[in-house]
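Visitor: Have a look at this prediction, sequence included:
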Amino acid sequence: MSIIVNLDVMLAKRKMTLTQLSEEVGITIANLSVLKNGKAKAIRFSTLEKVCEVLECQPGDILAYNKE
């Protein structure tokens, strides 16, 4: 997939666990894990907005496009 998910990087920068993010965002750990591992086929803007709000970041901090 050409879209790279850097959720694990942002979690490390914020010193936050996936469990903590799940609780604050209101999304199951399983769904966040799918996103974190790059297995997600899509993400809702509302979900992305909540994740960015909690991690105090921009969508580009979490998602990147790989041209190769």
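Guide: In hand now; what should we look at? Keep in mind that this is a model prediction, so the values were computed, not measured. Numbering: from 1, shown residues only.

Visitor: tell me what the strand or helix carrying Glu49 is packed against?
Guide: Using DSSP states H and E, Glu49 maps to helix 45-55. Using 3 or more CB pairs under 8 Å, 6 or more residues apart in numbering; DSSP states H and E, the elements in contact with helix 45-55 are helix 7-13, helix 18-25, helix 59-62. Where C-beta positions appear, they are placed from N, C-alpha and C, glycine not excepted.

Visitor: Tell me the first helix or strand C-terminal of the shortest one.
Guide: Next along the chain after helix 59-62, taking DSSP H and E as the criterion, comes strand 63-65.

Visitor: counting contacts, what elements does that next one pack onto?
Guide: strand 3-5.

Visitor: quick one: contacts of the strand it packs on?
Guide: Leu35, Lys36, Asn37, Gly38, Ala40, Ile62, Leu63, Ala64, Tyr65, Asn66 (CB atoms under 8 Å, 6 or more residues apart in numbering).

Visitor: Apply 7 Å and report the result again.
Guide: Here strand 3-5 makes contact (CB atoms under 7 Å, 6 or more residues apart in numbering) with Leu35, Lys36, Gly38, Ile62, Leu63, Ala64, Tyr65, Asn66.

Visitor: Kindly reformat the helices and strands packed on helix 45-55 as TSV and extend each row with mean neighbour count, distance to Val51 and mean pLDDT.
Guide: TSV is the format used below for these (neighbours: other CB atoms under 10 Å; distance: least, CB to CB, whole Å; pLDDT from 0 to 100):
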stretch	mean neighbour count	distance to Val51	mean pLDDT
helix 7-13	16	7	95
helix 18-25	15	6	96
helix 59-62	15	7	96
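
Visitor: Distance to Glu49 added to those helices, as JSON lines?
Guide: Converted to JSON lines, the helices and strands packed on helix 45-55 look like this (distance: least, CB to CB, whole Å):
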{"stretch": "helix 7-13", "distance to Glu49": "14"}
{"stretch": "helix 18-25", "distance to Glu49": "10"}
{"stretch": "helix 59-62", "distance to Glu49": "8"}
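
Visitor: ok, of the contacts of strand 3-5, which come out buried?
Guide: Applying 16 or more other CB atoms under 10 Å to the contacts of strand 3-5, the neighbour count classes Leu35, Lys36, Ile62 as buried.

Visitor: Cool, thanks, talk later.
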